[in-house]
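sequence and predicted structure are below.
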Amino acid sequence: MASSSLTTRDHDEIRNWAEERGGKPAHVSSTGSRGDIGILRIEFPGATASHDANLEEITWDQFFEKFDERGLALLYQEETAGGEKSNFNKLVSSETADRAEESGHSATSAKASSSGRSTGSRKRASASDQSKAAASKKAASAKKSATVKKSRSARSAQGAGRSSSPAKRSASKKNAQRRVTKKTAKAARRPGTAKKSTKKAAKNSTAKRPAAKKVAARKRR
């Protein structure tokens, strides 16, 4: 990620930033005239521009006198994209510096707004996921409860069936006992009927005897 650029008009801040990197105030001698030191620069050791014969070192007082007179500002970077100290700098007009600062603030605000929207979206998504998870859990609980109730009903029905079977067997046994009792009662009443039959048979037999005697007497004649 590229390092962001900063702007400043503060003399101490500019001087400290330059000296931390071995920088010194300078000017391009070929651009100046009498009473004017020309274009200002900050010279760094080992930089390509440091070998320019037209680049001459000046004092910080001379540098800042012309700096303020021209209404300049320093555009610079603290670090490179790789995290090393950056020597990037550029002297710009105050208007340019103001626009750069406004652009930086806008970019920061846009980033913060985007981050806020992202955070809001993540929160809404998280809330939605939690709601779905809660609904799913509730549905699973309801399904489990229904299954348990169904299982209990089935066991109750089986228990009722087993309970009714002994009752049916008991009722059947009672009916059988009743039938046996009725048969026994009928059998107990039969001897009287048998006596009547015996008397009738005896009467018939007595009636037949005289008839048999008459027949025998006729044969003898």
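The structure has been received and is ready for your questions.

measure the nearest residue to residue 89 once chain neighbours are set aside to residue 176 for me?
Using C-beta to C-beta, 6 or more residues apart in numbering and skipping residues adjacent in sequence, the residue nearest residue 89 is residue 76, 4.3 Å away. All C-beta atoms are positioned from the backbone trio N, CA, C, and that covers glycine. Residue 76 sits 116 Å away from residue 176, going by C-beta to C-beta, to the nearest Å.

so between these two, which is more surrounded?
Counted by other C-beta atoms under 10 Å, residue 76 and residue 176 do not tie: residue 76 has more neighbours, with 21 against 10.

hang on, that one packs against residue 8?
Yes - assessed by C-beta atoms under 8 Å, residue 76 is found in contact with residue 8 at 7.4 Å.

now for residue 72, how many residues are close by?
Residue 72 has 19 neighbouring residues, counting by other C-beta under 10 Å.

pull up the gap between the nearest residue to it once chain neighbours are set aside and residue 137, please.
Nearest in space to residue 72, with sequence neighbours left out and distances taken as C-beta to C-beta, 6+ apart, is residue 91 at 5.1 Å. Residue 91 sits at a distance of 66 Å from residue 137 (criterion: C-beta to C-beta).

who's more crowded, the two?
More crowded of residue 91 and residue 137, by other C-beta under 10 Å: residue 91, with 19 against 10.

so the more buried one, which of the three states?
Three-state call for residue 91 (DSSP: H, G, I helix; E, B strand; the rest coil): strand.

please name the bridge partners of it.
Beta-bridge partners of residue 91, counted by DSSP bridges, are residue 74.

which outside residues touch stretch 6-17?
The contact list for stretch 6-17, computed with C-beta atoms under 8 Å, 6 or more residues apart in numbering, reads 23, 60, 64, 67, 72-78, 89, 92, 94, 97, 100-101.

next: stretch 63-77.
For stretch 63-77, the external contacting residues (C-beta under 8 Å, 6+ apart) are 3-9, 11, 14, 17, 25, 27, 37, 40, 86, 88-94, 96-97, 100.

give the buried residues for that stretch.
Taking 16 or more other C-beta atoms under 10 Å as the neighbour-count basis, stretch 63-77 is seen to contain the buried residues 63, 64, 66, 67, 72, 73, 74, 75, 76, 77.

just give me the closest of the residues you listed to residue 44.
The closest of the buried residues of stretch 63-77 to residue 44 turns out to be residue 76 (C-beta to C-beta; 12.0 Å).

so where's the chain uncertain?
For the chain, the stretches with pLDDT under 70 are 1-3, 49-51, 104-131, 133-136, 145, 147-149, 151, 153-172, 180, 183-221.

which parts of it are helices?
For the chain, applying DSSP state H gives helices covering 11-20, 60-69, 94-220.

next, count neighbours for residue 43.
For residue 43, the count of nearby residues is 19 (other C-beta under 10 Å).

cool, residue 150 as well?
Residue 150 has 10 neighbours, counted by other C-beta under 10 Å.

from residue 175, how far off is it?
Applying C-beta to C-beta to residue 150 and residue 175 gives a distance of 37 Å.

likewise residue 141?
Counting by C-beta to C-beta, the gap from residue 141 to residue 175 is 51 Å.

so who does residue 25 touch?
Each residue near residue 25 by C-beta under 8 Å, 6+ apart is listed here: 18, 40, 41, 42, 43, 57, 58, 59, 60, 62, 63.
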